[in-house]
Each structure stands twice: as structure tokens, then as C-alpha cells.
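Student: A predicted structure for the sequence below; I have some questions about it.
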Amino acid sequence: MDCRSLRSPIISLLISLTFTCAAQAQQPPSSHIQSLARAAGATAPPYKNTALPVDQRIADLLKRMTLEEKATMLSGSGWMESAPIPRLGIPAIKMADGPLGVRSWVGSSALTSSSSNPMRVETTAFPSGIAMAATWDTALAQREGQAIAQEVKALGRDMILGPTVNINRVPPWGRNFEGYGEDPYLAAQMAVAYVRGVQGEGVIPSVKHFAVNNQEFERHRVDVKIDERTLHEIYFPAFKAAVQQADAWSVMSCYNKVNGEHCAENAYLLTDVLKKEFGFKGFVVSDWASTYSTAPTVNAGMDLEMPGGPPAKAMLARPQAQEQGSSGTWLTADKVLAEVKAGHITESTLDDNVGRILRVIIISGLMESPHTQLGVVDTPEQQKTARDGATEGIVLLKNEGALLPLDPNRIHSIAVIGPNALVARTGGGGSSKVQPKYAISPLDGIRKRAANKIQVTSALGVGMEGENPAEDTPEARARDLKEAIDAAAKAEVALVVVGRYYKNEGEGFDVKTMDLPAGQDELIAAIEKANPHTIVVLNTGDPVTMTKWLDSTPALLDMWYGGQEGGNALAATLFGDANPSGKLPVTLPKKFEDSPGAKNYPGENLVVHYDEGIYVGYRYFDTKNVEPQFPFGFGLSYTTFEYSDLKVTRGTNKSPGEVSVTIRNTGKREGAEVAQLYVHDGHSKIDRPAHELKGFRRVELKPGESQTIEFDLDHSAFEYWNPATKQWTLDPGTFEIQVGASSRDIRLKAPVEVPR
Ligand code: BGC
């Protein structure tokens, strides 16, 4: 028995009278524990009785709380903590930023060491969300959620501020790297897995940012004008799935306005959709300093304003915060009480808000045992999860003449070049940025893999735009480029790692252009001229323009931001220890203007119209026949796969489409394929995209091996959101099931008749 699983302090106390955790051999029989628990339950107030239903415990607690205590719980008690009510043993919820690992932070609520000194927190830097989405591996996303939650607990915190599930609408969004790409179904599956992993550890996730936070430009003030169908089909599904499939305990609202109202006081979003339509039972937390009123915010469905308390007030009052549009604190006990007394907030509303926070505190187990600093972080298992994510997330985009994988027995020299080759660029900037103990750059990873058998040389080629302005002179640029060309010319293979870094791609700002930062296009072209065996590696979250060099690039990989293990993952892929299996979770356009949201970005006079509607990503490219640079779902392998035997059977009303297909590894290497299922509706009464992703399976196959995979499609796979009836609607008739290796590489098709 794990002693820590004995959550109730009363039970623990009683048990410790008879035996200690160290003396596990002398455990009393479980019936004895149960009778002790019953005894504890009998004497303790109902809200402390873990045997009672959660609703009863909440009701009991609410009865015991004063109005003032209830009002206190609506606002944080610091930068990263909710307010505790010590009289009743209600703990603070101690939060940690994420979602790509536990962020190190200073200031109020910073982690402290035993001597109370602020502690430098070094945790595992997991791959970016977009890299995880490229794995299409929900089991791995769940492992990642679990690993992060274990680190949260080990650091004595209770909640991780993630996952980020906002849709990648336009290439320049500064936070595209945090989320799961452009498709609502894929994002939903990844979100569900992450949330399950986190909650399975008794840690609270926060699914963010609800809703339509798809640009950083003027994120505090911009008003998104969007129709309800687009919200339901594109921007809500990941939140809905996290709530309905994973029973998510908390959702974070976002900064921007939606159809005229700030998200934090948007009753349509928070109450009508999230709480009523989706049936969300947890609490809504505001994004940091995104509230602008008291009664309207509470009445709209906001449960917990963050941050709060004197330290937050002081920070938000700083001119810098004001300039960024920070709003101050609005749900403080005095302000809430005044509104209750004035009759603008009813007590039952307050009970609902507080009850939601209590529910999560109770069901997560925090009421009995808030997490204390118990454990170690960055364990070998956590590192492995990070490495697996980074490896599976790498997408092989081009491999002419089978330049890859490199044969370590035949290659003698490699030149590793570029602004992202010598430094590990683990993630983008902002609140998701993790400080790891170590981070493997591409050069580190390649050197380690090459051991002493392959000569590895390196050169910067060009500095990262803006990183070292003092060294950015015409002479230095000419010298760096020449060094790189020389290194490339002398080596058998050249590798150029390009991209951005956390200061030009991150939270709080959008990237200025889809073009690579200054000098990188020229670097690639020069290296390709010097060495025909040049491999280009993209190390960014946002798409980049490739037209200037792609035609003469024999091999291209996208490693995104791969976290601390990115360099090892890249080396394993280059040398064929790992066979690339990542698939694009986002369409890579040829140029920014091709992307559907481009015409309506970033808006005018603080208003952005999502006029492209549901035509986001491949829904637009594939329907309007716009040629992308690389399509959604695309990714090559060192082996090949054959699709056969598509069988579609008309199932029951509940499960109208049962689909099976056989995938065979027809090449010479073991590898994994992500088979994607799209549904095409050719008869609907309403305009629909050419097809929509409704299922995927990742299969690992040895050479010659085959596997039959199955998809069980329910009604939702065929429905659209009908603006006239405001309902999900199915137009019965013949749909086409398409199964393939990308949205533009459909290998098999078959009709299915779907009844009402
Ligand atoms: C971000 C959130 C983050 C919060 C706390 C906000 O600026 O948008 O994603 O969790 O800060 O750091």
C-alpha cells in the first residue's frame, strides 16, 4: 500500500496510532482500515467525510461558510495561488504555469526552498504542443500530461495552467507552438489525453484559453467577430471534448473580446456554452488580469479571478502592466460583498462559484492532502517521455534520393550549421517557457551520436536576428557565412538548422513575418550551393516561407520546438535509429497571403472578423483548391505503407459507420504510420468543407507486417452545426469515407449510408 494514498488526515492520524508507514509489513487488514475510516467519518463534519458524495460535502461546506469567506474565494491570494479558508481547512490551490512543463517563476507565490529562499526551478522541458500534435499519439500525450503532473506535485503545487488548445488560425500567432494545430478533432483528442494524464495524478489542469485566442496582437483589447457555427465546429470542440470526454476540472478564459464582450465576462461563452451546453462542472479561472468588472464578471460565470491579493495588485498597478492593458483586480472580497449587498450578485450565484472551486478541491483530493514538496523532478522516465515526444513529433517533409537516413558506417564527416544548430531552442517565449536542467542542441545530439566515428564540424552561418546586436556587423556576417560555406564544402553532408527562438516567437506578440529571420534564407541557399547533400531542419512553431530554397533542398525535416531532448531526437532521426512518423498538424502554406485568415488578420480598429468562417487550414486549402507547400497530415517515413481493404459497414443508429482498413509496411524498415479518416459530405443542405478529419490511428509495423485498424464513427462524425436551429444536425444520406496518409493523399474511399 502507498501510504500517500491515505488521503484523509483523520484516517492517517488514526492509522498512525497503530502502525507507521515505514512498518509496511505490519499493515492492518483492510477491513480494519475501513472501520477506522467509518469511525472517522462518523465524528468528522460531513464535508470531511470522504465516503459521502461530493455534492453533499460541498453543500455542507457552503452551509458553514460566511458570506465573507465565500467572497474571499473568488479572487487569488497571490500570483499563483487561490485563497485558502484555514478555519475550515480549505486549502489554497497552488498553481504552476505550463503547459509544456512546469515553468520557473519568481515573485509572489514563487517556489521556496526549505529555508524559504526563492528556488530556481529546473524541470523537464517537454516538446511544444505543436510537436506533440505532430505525433498524433494520444497515449504519448497522456504520458506527457502524467509526467508534468508528477513534477507539479513534486514541487508542492496542485494545478498546471494547461493544456493550450486554441486553434492555429493564422501563421503569425505567437503561441501557435503551444497548441495542437489547426484541426479541431486532432486538438480535441490531444487535449483529452493530456487532461486525463494530469487528472489521473490528482493534479488540476486548466484547459485554455476559452475561446478564440488566436492572435497575440492586441490580445487584451481585440474583439473577435465570429459566427456561432464557426465557434462550434472549429474553436469549441477541443474545450468541449476536454469537458465531456475527460471531465476537465478547470477551464481558463482568455483576454480578448468575443462578439463585443471580454471573455472573462462573456455569459454566452462561460454560462450558456461551457456550463450549460457542455455541462462543465469545474471552475472557470480568468486569464491573468483579464477581468474588467465585478458583478458582470461573476454573473457571466467567472468563478476565480487570477491573480489576486496584495502582491498581484502591486504588480498590476505598475505602468508597464497598465500599458499592456492589464486590468487590476475586480473580484476581491470587498468588491464582491458590496455587489452582493447591493443585490447585483445573488447568494446562489456566489454558492455556485464557490461550490465549483470546492468541487475540484474535493475531487482532486486536495481537501485531504494538498501536495507538499515530496519528490524529484526531471527523472529518467520524464526525460524519456520528453525524448519520445520530440522524436515522434519530427516530420520528414522531403527526402530526395533517399539522402536520409545517414548511414553511420558510411558517412565520415558532417557540418552542422545555423543559428539553431549550436543552441538548444527548446520552446517559444512566454508563460510556457520552462527552464530545464539541461537541453540538447542539434550539435550536442549529433556529436553524441557520431561518437568519435564521424567528424562533426560546426559553424554559426548567421546569428539569430536580434539576439546579439553588438556582434551583428557586416564584417561579422560575412565572416560567419564564409566559415559555414567552408565547413559545408569540406564535409560529406551539411545540416542547416534554421528557425526562430523565444524572443521572436512567443506569447505577447505575433511573429512579424512568415519569412525566416534575417539571413537564414541566404544561408540555406549558400550551403546548398556549397554541398549538394544538404539537409535543412526547421526549428520553429510557426510556419515559414520556403520558396526561396526548397526546390534545391534534397532533405527537409521539421523538428518544431522539441523541448530539452530535441537534439537527441533529431540525431536519432538523422541516423535512422528512429524512423520519422510525425505528420503535420497544420497546413504549411507557400506564403502568408495563401492562408485563409490572412485577409482578416490582425483586424482593424481593434476588431478582427473571422470571415473565413469554418474554412480554417485544410478545410480551406482542400475545398478551394489552393496548393499548400505541404498539406495537413503529411509526413514521410524511411519506409512505405500500403493501404488496402477499406470496409465500411452501416452500423446501428448509435454507431452509423464502422470502418476498417489494412495498413501494411511495404518497405525495409520498421516504422509507424498515422492513418487518417476524413468524412466527405456531398449532399448536405448547407455549405461544408471538402472533407473533415474524424478519426486517426497510429500503427507501428515491422517490415512486411500488416494490421487491420478500425474506426467506430458516431453521429458526430457526420454532423454540422446548424445556425438556423442552433443544433448539431445530420442530413441523412450517402457520405464518403476517405482514408489516407494526409488530407491530400487519400488512398481509399467508400460510401456509407447514414440514417437519421
Ligand atoms: C497567459 C496564460 C498563463 C497566465 C499565467 C497569461 O498571460 O495567457 O496562458 O497561464 O498568463 O502566467
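Tutor: Cool, got the structure. Here the structure is a predicted model, which is why all the values come from computation and not from measurement.
Student: Show me the helices in the stretch 1-150 of the chain, by range?
Tutor: 9-18, 30-43, 54-64, 67-72, 129-135, 138-154 (DSSP state H, counting those that start in this stretch).
Student: Out of those helices, which gets the lowest mean score?
Tutor: Between the helices of the stretch 1-150 of the chain, the lowest average pLDDT goes to helix 9-18, which shows a mean of 30.
Student: which residue sits closest to Lys583, ignoring its sequence neighbours?
Tutor: In space, and not counting its chain neighbours, Lys583 is closest to Gly635: 3.9 Å by CB to CB, 6 or more residues apart in numbering. (C-beta placed from N, C-alpha, C; glycine too.)
Student: Per-residue pLDDT of the one you found, please?
Tutor: So Gly635 comes in at 98 (pLDDT).
Student: Would you mind listing what in the stretch 1-150 of the chain touches the ligand?
Tutor: Proximity of the stretch 1-150 of the chain to the ligand (CB under 6 Å from any ligand atom) is limited to residues Asp97.
Student: Kindly report the same for the chain.
Tutor: So the chain meets the ligand at Asp97, Leu161, Lys208, Asp287, Trp288, Ser431 (CB under 6 Å from any ligand atom).
Student: Name the SS class of the fourth one, please.
Tutor: Put plainly, it is Asp287. At Asp287, secondary structure determined by DSSP: H, G, I helix; E, B strand; the rest coil is coil.
Student: And Leu646, by the same measure?
Tutor: Secondary structure assignment for Leu646 (three-state DSSP): strand.
Student: Which members of the residues of the chain next to the ligand are the farthest-apart pair?
Tutor: For the residues of the chain next to the ligand, the farthest-apart pair by CB to CB is Asp97 and Asp287; their separation is 11.6 Å.
Student: Just the element for the residue lying closest to Asp731 once chain neighbours are set aside, please.
Tutor: Using CB to CB, 6+ apart and skipping residues adjacent in sequence, the residue nearest Asp731 is Ser684, 4.8 Å away. Assigned by DSSP states H and E, Ser684 belongs to no helix or strand.
Student: and Ser684, how many neighbours?
Tutor: Neighbours of Ser684 under the rule other CB atoms under 10 Å: 16.
Student: Show me what whichever residue of the stretch 101-250 of the chain sits closest to the ligand bridges to in the sheet.
Tutor: Per CB to the nearest ligand atom, Leu161 is where the stretch 101-250 of the chain lies closest to the ligand, at 3.7 Å. Counting by DSSP bridges, Leu161 forms beta bridges with Asp97.
Student: How far does stretch 490-499 sit from its chain's centre?
Tutor: The chain centre lies 31 Å from the centre of stretch 490-499; the measure is CA atoms, centre = their mean, to the nearest Å.
Student: Now tell me what touches it from outside.
Tutor: The contact list for stretch 490-499 (CB atoms under 8 Å, 6 or more residues apart in numbering) reads 403, 406, 411-421, 425, 442, 446, 455, 457, 461, 487-488, 516, 520, 523-524, 527, 530-531, 533-540, 544, 574.
Student: Give me the subset of the residues you listed lying in helices.
Tutor: By the criterion of DSSP state H, membership of these in helices covers Pro442, Ile446, Ala487, Ala488, Gln520, Leu523, Ile524, Ile527, Ala530, Leu574.
Student: I'd like the distance from stretch 573-592 to the chain centre, please.
Tutor: 18 Å.
Student: What residues sit buried inside it?
Tutor: For stretch 573-592, the neighbour count (16 or more other CB atoms under 10 Å) marks 573-575, 578-590, 592 as buried.
Student: Pro45 is in contact with Asp60, isn't it?
Tutor: Yes: using CB atoms under 8 Å, Pro45 is in contact with Asp60, at 6.5 Å.
Student: Tell me the spacing between Ala147 and Leu155.
Tutor: Remark: distance between Ala147 and Leu155 (CB to CB, to the nearest Å) = 13 Å.
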